[in-house]
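**Q** model this:
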Amino acid sequence: MKKLVQVQEIEGEGLEALMGESVLLMCGSYFYAGKLTGVNEKFVQLENPKIVYETGPWTDKTWKYAEDLSSPWYVTSSSIESYGRGK
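**A** Take a look at the predicted model:
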């Protein structure tokens, strides 16, 4: 059996590492894009947010079909399935 015996907390990993950058948050029902301007245990905050209905090719510079949301926009952290840098 293998066991994890040492845990190291690294500051600035995960969503915090993407603060100030354009991100795409993939959630159960919708995708959200915008500049990540806030992170806490319950919510993330996006400026200039969009709801992305269709991404189009990942190599494109813009989303194929996305609509603006009011800014700022908050997404519940527990609903985020995956995330990364956006367009």
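**Q** Distance of R85 relative to M19?
**A** Distance from R85 to M19, counting by CB to CB, to the nearest Å: 12 Å. Where C-beta positions appear, they are placed from N, C-alpha and C, glycine not excepted.
**Q** Those two: who's more crowded?
**A** M19 (15 against 10; other CB atoms under 10 Å).
**Q** Please tell me I have it right and the more buried one contacts V44.
**A** No: applying CB atoms under 8 Å as the test, M19 and V44 come out as separate, 9.7 Å apart.
**Q** Pull up the overlap in contacts between the two.
**A** Counting by CB atoms under 8 Å, 6 or more residues apart in numbering, the contacts common to M19 and V44 are L36.
**Q** Count the neighbours of L18 for me.
**A** Residues near L18, counting by other CB under 10 Å: 18.
**Q** Please read the previous query as pertaining to S78.
**A** Close neighbours of S78, defined as other CB under 10 Å, add up to 10.
**Q** for it, phi and psi?
**A** The phi/psi pair for S78 (degrees, to the nearest 10) reads phi -70, psi -20.
**Q** Can you give me the pLDDT of it?
**A** S78 carries a pLDDT value of 94.
**Q** List the contacts of the strand ranked longest in the chain.
**A** Criterion DSSP state E: the longest strand present in the chain is strand 43-54. Where contact means CB under 8 Å, 6+ apart, the residues beyond strand 43-54 that reach it are 15, 23-25, 30-39, 63-77, 80.
**Q** For A33, name its beta-bridge partners.
**A** Applying DSSP bridges to A33 gives these bridge partners: L24, K50.
**Q** Y65 and L18, how far apart?
**A** With CB to CB as the criterion, Y65 and L18 are 23 Å apart.
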